[in-house]
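*Asks:* Return a 3D structure for these sequence lines:
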Amino acid sequence: MHSEVRNGDSLAFEVMNGPSRDRIHIANMYAFDQNMSIDLEFKVVFAKRENPAGGTTRDFMALKNLQIMGVVHTDRTGYDFNIQGTCDADVKSPMNKCNTYRNFRFSMDYNAKLRTGVLRLKPMRF
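*Replies:* Residues are numbered from 1 along each chain as shown. The predicted structure follows:
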């Protein structure tokens, strides 16, 4: 069962594990620097299914070329952010099995303390 939620022409996915608050700010600081590249990895849940042992098995979606364009604090704790940017995502299959990456704009509500959030992908139009 796919875990995405459709909202208009955007897709929403659960983020289970991501980078620290400092790493996000450093990536934002060097977003347009040609000589510096900061790798960020977010574990994005592509699909969930129940397994026979009673637990949940999750497949993860691969993101590439993630570039943060802006970070906005959404509360006063310093841990909740709305992150905007672009990335390449394979929304057709988990972990790059089909290698069908497309370019997306993304918006993510992210808690850096819990390292969880919601990723919304919207296709880029050229």
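
*Asks:* pLDDT below threshold where in this structure?
*Replies:* Scanning the chain with the threshold set as pLDDT under 70 gives 1-8, 94-98, 126.

*Asks:* show me where it has helices.
*Replies:* Taking DSSP state H as the criterion, the chain carries its helices at 21-29.

*Asks:* Which stretches in it count as strands?
*Replies:* 5-7, 10-17, 43-50, 56-61, 63-73, 80-89, 102-111, 116-123 (DSSP state E).

*Asks:* mind checking which of those strands is nearest Met36?
*Replies:* Closest approach to Met36 among these is made by strand 63-73 (12.1 Å; Cβ to Cβ). In short, each C-beta sits where N, CA and C put it, glycine included.

*Asks:* what about that closest one, distance to the chain center?
*Replies:* Centroid separation between strand 63-73 and its chain, computed with Cα atoms, centre = their mean, to the nearest Å, is 9 Å.

*Asks:* again, but for stretch 49-62
*Replies:* That offset, for stretch 49-62, works out to 19 Å (Cα atoms, centre = their mean).

*Asks:* Endpoint to endpoint, stretch 83-101 covers what distance?
*Replies:* 21 Å (Cα to Cα, to the nearest Å).

*Asks:* If we go by neighbour counts, what in it is buried?
*Replies:* Neighbour-count burial for stretch 83-101, counted by 16 or more other Cβ atoms under 10 Å, picks out Ile83, Gly85, Cys87, Ala89, Asp90, Val91, Pro94, Tyr101.

*Asks:* need those residues in a markdown table with distance to His25, can you?
*Replies:* Below are these laid out as a markdown table (distance: Cβ to Cβ, whole Å):
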| residue | distance to His25 |
| --- | --- |
| Ile83 | 10 |
| Gly85 | 13 |
| Cys87 | 18 |
| Ala89 | 23 |
| Asp90 | 27 |
| Val91 | 28 |
| Pro94 | 29 |
| Tyr101 | 26 |
